[in-house]
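Undergrad: coords please:
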Amino acid sequence: MTIDSPPPEVVRAFGLERATFEPIDVGLINRTFRVLVDGRPTLVLQRQHHAFRGEVNLDIEAICAHLVSRGIAVPCLVRTPDGRAWVEHEGRPWRALEHLDGVTISRVEEPSLARTAAELVGRFHAAIDGFEHTFHFTRPGAHDTAAHLARLEAALGLHAGHPAIEEVRPVAEAILSYQLPKVPATKARIIHGDLKISNVLFAPDLSRAVALLDLDTFQHGTLAIELGDALRSWCNPAGESAESVKVDEAIFRATIEGYASTAHDLLGRDENGRGEIESIVPGLETIALELSSRFALDALEDRYFAWDATRFPSRTAHDLVRARSQLALARSAATQRPALQRIVDRAFT
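TA: A predicted model of the protein is given here:
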């Protein structure tokens, strides 16, 4: 359910009685408000998605403190006046974060944007490398592609009577029959976990990326997951809600070159000097297909992703378009594998 303002109990808990609140309609998960005091933005207030428990804020607090000490800008947690990291209201955690100046974008239309965003991601990875943290909140299987596909297959039977089943079924069957490339096994590192382009904050003139946003998904994961998700978002200028999409090689090249400029010596290599380098391209294809399966599942379950009611009659309709879009992107990545791998090889030689 969409809400237009924070509930009074939450406002009082954070001592924001004098504030006004502007909805920020970016992202598919949390409900977010900009907090203004005397007309100036001071904080961001969020109702977290039901998939996340309040304990995730303890992870954000610890990791952000480390990142800020290394010069990486992130919106740090702001506790309540009585010291709480989050406030529960009607079974959902609410939290306050620092407000950072800048702008977000929903699509990458110029390679220069991808380059500066990737440079920031490389600095983030370098800053977090070697940092040890035991997570208070985890989501096991968040990127277990096989499990996501199995849930989609089961849903075709469970929701056989769904009004949209005849539209969803051919998309789901195409996803389930897709032959993914093998992703090399590599080490786990702390990753952001959701590097879609709207989670990167840019300077107002878009000249540089200045901060990473939406930190609930911090986790131990692989570079294939991290860069795979970034690339499937950034290298699709048409956006998630367009069905005719392809991997933009110029944007892909700018992303890889930008990342290599700040993280070249960070990547783990096997005895042949490869390792993580060879996981990037198949990671893009895998994450695109995985997200396609999740959108197709939500088209039947109608409960997870936010949707654009100004463009689509229902969540199911929007999810179906997004499922087709990500499937098309995976297919594009498959046809472009050799060219994309050459770009990676050149950047990391």
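
Undergrad: per-residue confidence at residue 324?
TA: pLDDT recorded at residue 324 is 97.

Undergrad: how much space separates it from residue 291?
TA: Using CB to CB, to the nearest Å, residue 324 is found at 12 Å from residue 291. For the C-beta atoms, the positions are set from N, CA and C on the backbone; glycine is no exception.

Undergrad: neighbour count: the two, which is higher?
TA: residue 291 (27 against 22; other CB atoms under 10 Å).

Undergrad: and that one, what element?
TA: For residue 291, the host element (DSSP states H and E) is helix 280-301.

Undergrad: quick check: angle from the next helix or strand after that helix to helix 280-301?
TA: Per DSSP H and E, the first helix or strand lying C-terminal to helix 280-301 is helix 315-335. Angle of helix 315-335 versus helix 280-301, following axes from the mean of the first three to the mean of the last three CA atoms, to 10 degrees, is 160 degrees.

Undergrad: now helix 315-335: buried residues?
TA: Neighbour-count burial for helix 315-335, with 16 or more other CB atoms under 10 Å as criterion, is recorded at 315-334.

Undergrad: then stretch 174-181?
TA: Residues of stretch 174-181 classed as buried by neighbour count (16+ other CB under 10 Å): 174-175, 178, 180.

Undergrad: so which of those residues sit within helices?
TA: Taking DSSP state H, the ones among these that sit in helices are 174-175.

Undergrad: if you count contacts, what does the helix holding residue 291 end up packed against?
TA: If you count contacts as 3 or more CB pairs under 8 Å, 6 or more residues apart in numbering; DSSP states H and E, helix 280-301 packs onto helix 145-158, helix 165-176, helix 223-234, helix 315-335, helix 337-347.

Undergrad: adding distance to residue 205 as columns, could you present those helices in CSV?
TA: Shown next, in CSV, are the helices and strands packed on helix 280-301 (distance: least, CB to CB, whole Å):
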stretch, distance to residue 205
helix 145-158, 38
helix 165-176, 40
helix 223-234, 19
helix 315-335, 29
helix 337-347, 27
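
Undergrad: of all those, which lies closest to residue 256?
TA: Closest of the helices and strands packed on helix 280-301 to residue 256 is helix 337-347, at 4.7 Å (criterion: CB to CB).

Undergrad: quick one: mean pLDDT for the closest one?
TA: For helix 337-347, the mean per-residue pLDDT is 97.

Undergrad: any weak-confidence spans in the stretch 201-349 of the chain?
TA: 270-274 (pLDDT under 70).

Undergrad: follow-up on the earlier one: between the helices and strands packed on helix 280-301, which gets nearest to residue 79?
TA: Nearest to residue 79, of these and by CB to CB, is helix 223-234 at 28.6 Å.

Undergrad: what angle separates the closest one from helix 280-301?
TA: For helix 223-234 against helix 280-301, the angle by the same axes, to 10 degrees is 70 degrees.

Undergrad: which helix or which strand is home to residue 23?
TA: Secondary structure (DSSP H and E) places residue 23 in strand 20-24.

Undergrad: partner strands of that strand and their direction?
TA: strand 31-37 (antiparallel) (DSSP bridges).

Undergrad: quick check: which helices or strands does the helix or strand following the partner strand pack against?
TA: Per DSSP H and E, the first helix or strand lying C-terminal to strand 31-37 is strand 40-47. Under the contact criterion of 3+ CB pairs under 8 Å, 6+ apart, strand 40-47 touches strand 31-37, strand 92-98.

Undergrad: and the ones you listed, which is most packed in?
TA: The highest average neighbour count among the helices and strands packed on strand 40-47, using mean count of other CB atoms under 10 Å, belongs to strand 92-98 at a mean of 23.

Undergrad: quick one: strands adjacent to it?
TA: Note on strand 92-98: by DSSP bridges, its sheet partners are strand 40-47 (antiparallel), strand 77-78 (antiparallel), strand 87-89 (antiparallel).

Undergrad: between these, which one is nearest to residue 239?
TA: strand 40-47 (23.5 Å).
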